[in-house]
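In: Quick one, fold the following:
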Amino acid sequence: MARTSLQCRECKKEYESTFKYICDECFGPLDVKYDFPTVTKDTFSNREHTYWRYFELLPIEDKSNIVSIGAGMTPLSKAEKLGEKLGLKNLYIKNDSVNPTFSFKDRPAGVAVSKAKEFGLSAVGCASTGNLASATAAHAAKGGFACHVFAPSDIEMAKIAQALSYGANYIAIDGTYDDANRIAAQIGDSKGIGIVNINMRSYYVEGSKTLAFEVAEQLDWQVPDQLIVPVGSGAMLNAICKGFEELQQVSLLNDVSNMHMIAAQPHGCAPIVDAFKKNSTDIIPVEAPDTVAKSLAIGDPGDGRYVLKRIAQYNGAAEECNDKEILDAILLLAKTEGIFTEPAGGVSISVLQKMVEQGKIDKNDKVVCYVTGNGLKATESIMSVLQKPETMKADITEIAKMVV
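Out: Now for the predicted structure:
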């Protein structure tokens, strides 16, 4: 008997776990629903240091279908120097920049590609702003799948090179992410390709739950007071909430209702923040995103209204930051904690600063800030604010004058 089923997020109609992602009745999104086994904290001890240690809480029925490249169990670092600068005593950075393809996308991509294997599909793909392209292509290479990537043509070159290196069929689209998403959806449905973040989305988002599972375990099964999450489509924030709720459901955590979810978006593509500040439930798409944080440049966020519901449910907030603030935050994190993040991580750090300045985070709160991608994926943006090294002749006398 299967451990999982699919349930409509809106009308609650249930379906068998199949290659399906939209409700037949109301066209709402389908979520994975579990018949959880009994688990304890000891269930996960002495297991592999990947997110697959939580197999019982993930939607793969048979372990032989797991396609793993060793992602997860990334550091949760106590950020003492950054915390001291911001006036926080219990600040932690969840550093997903050190995953195998250098972003958090290894989590949802790995679960979706594993489910594609379970369904017997022969090809996978994604619509991407860059990071998911690499994560999907890497897992496809490991699992022996053909991989088709649909992405805007103007994303960072390092991300394009990475996806191509894994052997993906990379289709660069002269348009926005939303254009790429629309085309990927049509091709995926017409050709039976598992587009991980579209027709495999019900399973895909389950991978991001592990960002909650790991934080809880790394905090010795405690619930953070404040969580700062960078938001593009909104799927990760919603999944993190689902993850904490499921840990409470299986009695690994006490009441999670007092945690606060903070959505962080870049100015130039912040439709969720705009709706939150207007106290509106209507998210107006951004037709032409304009931000240095290209991985968050999703003008029409698929889970946007669910993010607003989560913010209300968990007494949270949504805030934005501009390009200068993002780049300053990248350097602040690098110079205090030795963590080099791409602009999406800079968005998290910058919004964290703003929440502290606005008095919305207490100095004693247990704060977790999610850093989701590596700075080496987006060096073009940060080079604009760094001093170019001066080339000098190999003269010890002259060079010595430079070292004070």
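
In: Helix, strand or coil: sort out residue 46 for me.
Out: Three-state call for residue 46 (DSSP: H, G, I helix; E, B strand; the rest coil): coil.

In: Now stretch 297-312: average pLDDT?
Out: Averaging pLDDT along stretch 297-312 yields 96.

In: ok, and what's touching it?
Out: 9, 29, 129, 176-178, 201, 231-235, 237-238, 241, 261-263, 266, 268-269, 271-272, 275-276, 281, 283, 285-289, 291, 316-318 (C-beta atoms under 8 Å, 6 or more residues apart in numbering). For glycine as for every other residue, the C-beta is placed from the backbone atoms N, C-alpha and C.

In: What is the distance between it and the centre of its chain?
Out: In terms of C-alpha atoms, centre = their mean, to the nearest Å, the centre of stretch 297-312 is set 13 Å apart from its chain centre.

In: Repeat that for stretch 185-201.
Out: With C-alpha atoms, centre = their mean, you get 20 Å for stretch 185-201.

In: can you check stretch 182-192 too?
Out: Taking C-alpha atoms, centre = their mean, one finds the center of stretch 182-192 at 23 Å from the center of the full chain.

In: And residue 298, how close does it get to residue 205?
Out: From residue 298 over to residue 205 the distance is 14 Å, taken as C-beta to C-beta, to the nearest Å.

In: no no, residue 358
Out: Between residue 358 and residue 205 the computed distance is 30 Å (C-beta to C-beta).

In: Have a look at these two and say which one is more surrounded.
Out: residue 205 (27 against 10; other C-beta atoms under 10 Å).

In: where does that one land in three-state SS?
Out: Under three-state DSSP, residue 205 comes out as helix.

In: Thought residue 240 was touching it, still the case?
Out: No - if you go by C-beta atoms under 8 Å, residue 205 and residue 240 don't touch, sitting 10.1 Å apart.

In: hey, C-alpha coordinates of stretch 380-390 in CSV?
Out: In CSV, the C-alpha atoms belonging to stretch 380-390 read as follows (Å, rounded to 0.1, in the frame of the first residue of the first chain):
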residue,chain,number,x,y,z
GLU,A,380,29.6,39.7,-12.6
SER,A,381,27.3,41.5,-10.2
ILE,A,382,29.7,41.7,-7.3
MET,A,383,32.7,42.7,-9.4
SER,A,384,31.0,46.1,-10.0
VAL,A,385,31.6,47.1,-6.4
LEU,A,386,35.0,45.5,-5.8
GLN,A,387,38.3,47.2,-6.3
LYS,A,388,40.2,45.7,-9.1
PRO,A,389,43.6,44.4,-8.0
GLU,A,390,46.6,46.4,-9.2
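
In: buried set for it?
Out: When neighbours are counted by 16 or more other C-beta atoms under 10 Å, the buried residues of stretch 380-390 are found to be 381-382.

In: ok, now stretch 214-225?
Out: So for stretch 214-225, counting by 16+ other C-beta under 10 Å, buried means 214-219, 223-225.

In: Return the closest of those with respect to residue 159.
Out: residue 214 (24.3 Å; C-beta to C-beta).

In: Report the spatially nearest residue to the closest one, omitting neighbours in sequence.
Out: Among residues not flanking residue 214 along the chain, residue 73 sits closest, at 6.1 Å (C-beta to C-beta, 6 or more residues apart in numbering).

In: Residue 276 and residue 28, how far apart?
Out: 22 Å.

In: more neighbours, those two?
Out: Legend: neighbour count by other C-beta under 10 Å for residue 276 and residue 28, higher for residue 276 (23 against 15).
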